[in-house]
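[1] Structure for the following, please:
(one chain, ligands or ions: 1)
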Amino acid sequence: MNDKSSILAISGSLRSGSSNHHILKFLGGLTPADINYSIYDRLADIPPFDPGLDHESPPEAVSELRSFMKNAAGIVICTPEYAFGVPGQLKNMLDWMVSSSSLVDKPVALITASSVGTHAHAALLLTLGALSAKITNEATLLIPFIRSKIDADGNIVDTETERALRGVMKVFLGEIS
Ligand SMILES: Cc1cc2nc3c(=O)[nH]c(=O)nc-3n(C[C@H](O)[C@H](O)[C@H](O)COP(=O)(O)O)c2cc1C
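    Here you go, the predicted structure:
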């Protein structure tokens, strides 16, 4: 059953102090109090994708995440790009979500915050399309030069970036309401 009052946020970076994690925290602050906004913290526990284990009783962390996704009204993904591609741990997690149809028709806001990020952003749009996620152009955002737009405390210091993030969240919240 879909919980209309919950959003699951996923960072593609596992780094402590990650800019992407800070962005997800910022977006959580824009979320109305009656919506439960949670940042997923077990991406590192998702095992390498194995089609042989991809059945109704997958590894525990996969089963839990599938359940979180199915129950959430929408998903926010915020990620850097690594080596001109999607971070492996994020793509690996999405591969586990194909057969379960966890993202079918699910509103997804996609933010790629990286040094450049164009390749990962484009690749993720393709992957999320393959998963039949509901992607609205206005709920996607590519933020280049991210390290210059967030200070050491994780505050967004670039006015245009903050404005764009508020715009993405407004559209996304409209989609899940
Ligand atoms: C191994 C590695 C490879 C990277 N490759 C790219 C890249 O191809 N394109 C890019 O835009 N940024 C690249 N970056 C820079 C990241 O975008 C940047 O470190 C970003 O701040 C990481 O996100 P985070 O702050 O959320 O951890 C790379 C960083 C690392 C550590």
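[2] Using the centroid of the chain, identify the residue furthest from it.
    Here the chain reaches farthest from its C-alpha mean at residue 52, the gap being 26.0 Å by CA atoms, centre = their mean.
[3] Give me the pLDDT for it.
    The predicted structure scores residue 52 at 97 on the pLDDT scale.
[4] Report the buried residues of the helix or strand containing residue 6.
    Element membership for residue 6 (DSSP states H and E) is strand 3-11. Counting neighbours by 16 or more other CB atoms under 10 Å, one finds that the buried residues in strand 3-11 are 6-11. C-beta here means a position set from N, CA and C on the backbone, and glycine is covered the same way.
[5] Is the residue farthest from the centre of the chain part of a helix or strand, or is it coil?
    The three-state label for residue 52, taken from DSSP: H, G, I helix; E, B strand; the rest coil, comes out as helix.
[6] and the residue positioned nearest the centre of the chain, helix, strand or coil?
    Residue closest to the average C-alpha location in the chain (CA atoms, centre = their mean): residue 77, at 1.1 Å. Here residue 77 is recorded as strand under three-state DSSP.
[7] Residue 52 versus residue 124, what's the distance?
    Between residue 124 and residue 52 the computed distance is 26 Å (CB to CB, to the nearest Å).
[8] Oh, that last question was meant for residue 96, not what I typed.
    Residue 96 sits 13 Å away from residue 52 when distances are taken as CB to CB.
[9] quick one, phi/psi of residue 49?
    For residue 49, the backbone dihedrals (degrees, to the nearest 10) come out as phi -60, psi 130.
[10] contacting residues around it?
    Applying CB atoms under 8 Å, 6 or more residues apart in numbering, one finds that residue 49 lies in contact with 92, 95-96.
[11] Neighbour-wise, give me the winner out of these.
    Neighbour tally across the contacts of residue 49 (other CB atoms under 10 Å): the maximum, 24 neighbours, falls on residue 96.
[12] so what pLDDT did it get?
    pLDDT, read off for residue 96, is 98.
[13] Next: residue 56.
    Per-residue confidence for residue 56 comes out at a pLDDT of 86.
[14] all strands of this structure, in order?
    For the chain, applying DSSP state E gives strands covering 3-11, 36-39, 72-79, 108-113, 140-143.
[15] mind giving me CSV with those and columns for distance to the ligand and mean pLDDT?
    As requested, the strands of the chain are arranged in CSV below (distance: least, CB to the nearest ligand atom, whole Å; pLDDT from 0 to 100):
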stretch, distance to the ligand, mean pLDDT
strand 3-11, 7, 89
strand 36-39, 13, 98
strand 72-79, 8, 98
strand 108-113, 6, 98
strand 140-143, 10, 98
